[in-house]
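Chemist: Curious how this folds, go ahead:
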Amino acid sequence: GFLSRAAFSILLKSLFSKNGKPYPMSEEDEDKIFQLLDENKDNRIDMVEFKDIWKYWLKYILDPVSALLIIDVQNDFVSGTMALKGCPAQQEGQDVIRPINYCLTHSKLDVVFYSFDWHPKNHISFVENVTKRKMHADSKVRAADAGKMDTVVFSEPRRTEQKLWPEHCVQGSWGAESHPDLQIVENAKRVNKGTNPDIDSYSAFWDNGKLSQTELLNELKKENVTDVYVCGLAYDICVAATTRHSLEHGFRTYLVEDACRGVDE
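Modeler: This is a model prediction of the structure:
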């Protein structure tokens with residue numbers, strides 16, 4: 001019903017080994033690990049503690065499950081209204097497609113997710129809609145003067161600081177579709193974000209105010225995912241936000257850097 005200190009030492013030697021040969025580990029190092037995991041300090045690892053150890057540590061070593069998150073590789077970000085080549089960094093969004101397709105073809109992935117900006121026509125982030133909401137007194141840019149990539153502050157339906165973008169990825173439009181050269185694998189899962197007209201959603205996990213979340217976290221948990229690989233568009237906006245939230249939720253997280261392109265240098 002429990003692991004003694006001696007039994008725990010045997011477990012460590014089994015875990016930290018190569019070809020059956022344990023790596024050198026001092027008793028002091030073993031004690032440090034044991035003390036971290038023995039939360040109730042009764043000098044043994046009981047079943048409750050072991051379940052936490054399994055979930056947050058052993059599973060990553062013994063039973064890893066990998067997920068690839070492909071973020072917003074959509075027509076509008078590649079060649080449409082929000083094409084990255086028109087942004088300050090002047091990068092080509094289509095450059096991510098080849099490395100992502102390579103990952104899909106050559107990597108041992110357990111589950112693949114495709115995220116989509118999926119905005120209603122009246123979305124708060126569209127510069128075309130800037131006059132449709134009341135400005136907050138804190139806004140340094142007036143609605144009449146606001147342009148692409150300016151930041152304004154709206155007062156409704158709540159105080160919201162918002163960077164303005166051209167209309168993009170409108171639900172059901174060509175611009176919202178996945179780029180035709182991107183491989184879509186069987187049994188992949190789709191995540192729509194930015195569906196609430198009154199708040200933007202960079203991350204594939206949460207909206208920008210963390211008021212509501214997508215189904216992504218629950219789906220990752222359902223698949224028992226431990227390792228999350230993130231790639232897509234744009235590096236410094238939606239990919240960055242998704243990567244941060246993946247880390248916050250406790251996943252071992254990797255940014256596939258050569259499969260990302262950004263907005264700003």
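
Chemist: For this structure, give me the ranges with low pLDDT.
Modeler: Judged against pLDDT under 70, the chain has no low-scoring part.

Chemist: all helices of it, in order?
Modeler: 5-15, 27-37, 47-53, 59-62, 75-78, 97-106, 216-222, 240-248 (DSSP state H).

Chemist: any chance of these in CSV, plus distance to Val152?
Modeler: No exception for glycine: its C-beta is placed from N, CA and C like everyone else's. Output for the helices of the chain, formatted as CSV (distance: least, CB to CB, whole Å):
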stretch, distance to Val152
helix 5-15, 53
helix 27-37, 47
helix 47-53, 45
helix 59-62, 43
helix 75-78, 21
helix 97-106, 33
helix 216-222, 28
helix 240-248, 20
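
Chemist: who wins for proximity to Val153 among those?
Modeler: Set against Val153 and scored by CB to CB, the helices of the chain come closest in helix 240-248, at 19.8 Å.

Chemist: same for the closest one, what does it pack against?
Modeler: If you count contacts as 3 or more CB pairs under 8 Å, 6 or more residues apart in numbering; DSSP states H and E, helix 240-248 packs onto strand 66-71, strand 227-233, strand 252-261.

Chemist: With distance to Ser107 and mean neighbour count as extra columns, can I get these in JSON lines?
Modeler: Shown next, in JSON lines, are the helices and strands packed on helix 240-248 (distance: least, CB to CB, whole Å; neighbours: other CB atoms under 10 Å):
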{"stretch": "strand 66-71", "distance to Ser107": "7", "mean neighbour count": "26"}
{"stretch": "strand 227-233", "distance to Ser107": "8", "mean neighbour count": "26"}
{"stretch": "strand 252-261", "distance to Ser107": "10", "mean neighbour count": "18"}
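
Chemist: Switch those over to CSV, and while doing so, append distance to Lys108 to every line.
Modeler: Formatted as CSV, these follow (distance: least, CB to CB, whole Å):
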stretch, distance to Lys108
strand 66-71, 7
strand 227-233, 11
strand 252-261, 14
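
Chemist: so who does Val239 touch?
Modeler: Residues in contact with Val239 (CB atoms under 8 Å, 6 or more residues apart in numbering) are Ile71, Val230, Cys231, Gly232, Leu233, Leu255, Cys260.

Chemist: Output these in TSV; the columns should cover distance to Gly194.
Modeler: Output for the contacts of Val239, formatted as TSV (distance: CB to CB, whole Å):
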residue	distance to Gly194
Ile71	12
Val230	17
Cys231	19
Gly232	14
Leu233	14
Leu255	21
Cys260	19
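
Chemist: what's the most distant pair in these?
Modeler: Taking CB to CB as the measure, the contacts of Val239 span a maximum distance of 13.1 Å, between Leu233 and Leu255.

Chemist: Quick one: residues contacting the residue nearest to Asn224 when sequence neighbours are not counted.
Modeler: Nearest residue to Asn224, sequence neighbours excluded (CB to CB, 6 or more residues apart in numbering): Val65, at 5.1 Å. If you count contacts by CB under 8 Å, 6+ apart, Val65 has them with Asp110, Val111, Glu223, Asn224, Val225, Thr226, Asp227.

Chemist: rerun at 7 Å
Modeler: Asp110, Glu223, Asn224, Val225, Thr226, Asp227 (CB atoms under 7 Å, 6 or more residues apart in numbering).

Chemist: Can you give me the distance of it to Ser17?
Modeler: Separation of Val65 from Ser17 (CB to CB, to the nearest Å): 22 Å.

Chemist: show me the contacts for Glu30.
Modeler: By CB under 7 Å, 6+ apart, the contact list for Glu30 reads Ser9, Leu12.

Chemist: If you could redo that for Phe126, that was the one I meant.
Modeler: Taking CB under 7 Å, 6+ apart as the criterion, Phe126 is in contact with Trp165, Glu167.

Chemist: do that again at 10 Å, thanks
Modeler: Contact analysis of Phe126 by CB atoms under 10 Å, 6 or more residues apart in numbering lists Thr81, His119, Pro120, Lys132, Gln162, Leu164, Trp165, Pro166, Glu167, His168, Val170, Pro197.
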